[in-house]
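Student: have a look at this fold, sequence not included:
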């Protein structure tokens, strides 16, 4: 009985209306600016090697996470939708591993058979 | 109405919730309307499209014995007597992030039914998006005049041109389509279509302010793709 009244009192559009304070969006906006500035500084300061690649990836993942979680409201969705959307791209990582192996083989054969070096 | 079924207070959470939602009757995504779920699934398919582009770029770059052109120098601009590396790309990144910020605020004001602010913020988003496309056109013009073609360029591996035009071109197309969509939805908001449930010109369905959020999902995705392009193509 109490459940029925709770259902009836549920506001219209409650299922989808994402209401969050404006401040949250401004904070995330600012964070995205700072993170973008950081990743630009990686190039500007000429960081090289492993440090460059890991910094680029870290800033990229942080930015992507903020956009998906807050701007796209993924943080407030049911876990069923989160898994349905975020897990399939993991297949791309396996594809990446396959293509790294393939690319290494291609460069190896190119250097072995087409190289003009003496 | 679907609303009465969507009181999440009575739903299990965590993995048990995932199992319950997927094995439940009629619909799996309890809190997302069909429009929002369909946009997410479209975006997932688009993720695979751009994922394949970036993978093809990785494979080409890893497997060529010819040195890859240095993007830091290729995309430098000559400002005030010195070359500033990647500056145009950095500005484009900030423009696109700002457009994402205004879009997020537009969604928020949309749910508060503040028509004027929502439409104005969406127009600002469209304007920033158009600025982005304009700067991209400038970048393409500059590179083409310097001799970059899909089959050759003056600095190194010929695959540089083809991957550059393919990836940024496809992304720019997405931004352009997004700007057109933004203008259409902004006009509907401005006219009050979502307040009086006026039927749309294309689907003849009654719209609601959730359309602004679904539009926002697409726009944030465009920004999201740029985050990956910026990292892998321009900074790597």
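Tutor: Structure received. All figures in this text were calculated on a predicted structure; none of them were measured in a lab. Numbers count the residues shown, from 1 in each chain, chains lettered A, B, ... in the order given.

Student: so what's the closest residue to residue A:44 other than its chain neighbours up against?
Tutor: Once flanking residues are discounted, residue A:44 sits nearest to residue B:85: 6.2 Å by C-beta to C-beta, 6 or more residues apart in numbering or on different chains. All C-beta atoms are positioned from the backbone trio N, CA, C, and that covers glycine. Neighbouring residues of residue B:85 by C-beta atoms under 8 Å, 6 or more residues apart in numbering or on different chains: A:43-44, B:72-73, B:75-76.

Student: with adjacent residues omitted, what lies nearest to residue B:170?
Tutor: Residue B:170's closest residue in space is residue B:53 (C-beta to C-beta, 6+ apart), at 6.6 Å.

Student: look up how far chain A lies from that neighbour.
Tutor: To chain A, residue B:53 is 11 Å away according to C-beta to the nearest C-beta, to the nearest Å.

Student: same question for residue B:226.
Tutor: In terms of C-beta to the nearest C-beta, residue B:226 sits 10 Å off from chain A.

Student: what about the closest residue in space to that residue that isn't next to it in sequence, how many neighbours?
Tutor: Residue nearest to residue B:226 in three dimensions, not counting chain neighbours: residue B:96, with 5.3 Å by C-beta to C-beta, 6+ apart. Per other C-beta atoms under 10 Å in any protein chain shown, the neighbour tally for residue B:96 reads 27.

Student: is residue B:96 within a helix or a strand, and which one?
Tutor: Per DSSP states H and E, residue B:96 falls inside helix B:87-111.

Student: and that helix, how far from the chain's centre?
Tutor: 10 Å (C-alpha atoms, centre = their mean, to the nearest Å).

Student: which strands and helices sit next to that helix?
Tutor: In this structure, helix B:87-111 packs against helix A:22-44, strand B:77-79, helix B:115-145, helix B:210-229, with contacts taken as 3 or more C-beta pairs under 8 Å, 6 or more residues apart in numbering or on different chains; DSSP states H and E.

Student: got the contact list for the residue nearest to residue B:226?
Tutor: By C-beta under 8 Å, 6+ apart, the neighbours of residue B:96 are B:128-129, B:132, B:175, B:222-223, B:226.

Student: may I see those residues arranged in CSV, with neighbour count and pLDDT as well?
Tutor: Listed next are the contacts of residue B:96 as CSV, based on neighbours: other C-beta atoms under 10 Å in any protein chain shown; pLDDT from 0 to 100:
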residue, neighbour count, pLDDT
B:128, 22, 96
B:129, 29, 96
B:132, 27, 96
B:175, 21, 96
B:222, 24, 95
B:223, 26, 94
B:226, 25, 95
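
Student: can I get those residues in TSV with distance to residue A:54?
Tutor: Below are the contacts of residue B:96 laid out as TSV (distance: C-beta to C-beta, whole Å):
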residue	distance to residue A:54
B:128	31
B:129	31
B:132	28
B:175	29
B:222	26
B:223	23
B:226	21
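
Student: about what we covered before: the contacts of residue B:85 into JSON lines, with extra columns for pLDDT and neighbour count?
Tutor: As requested, the contacts of residue B:85 are exported to JSON lines (pLDDT from 0 to 100; neighbours: other C-beta atoms under 10 Å in any protein chain shown):
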{"residue": "A:43", "pLDDT": "87", "neighbour count": "21"}
{"residue": "A:44", "pLDDT": "87", "neighbour count": "15"}
{"residue": "B:72", "pLDDT": "86", "neighbour count": "16"}
{"residue": "B:73", "pLDDT": "86", "neighbour count": "11"}
{"residue": "B:75", "pLDDT": "88", "neighbour count": "23"}
{"residue": "B:76", "pLDDT": "86", "neighbour count": "17"}
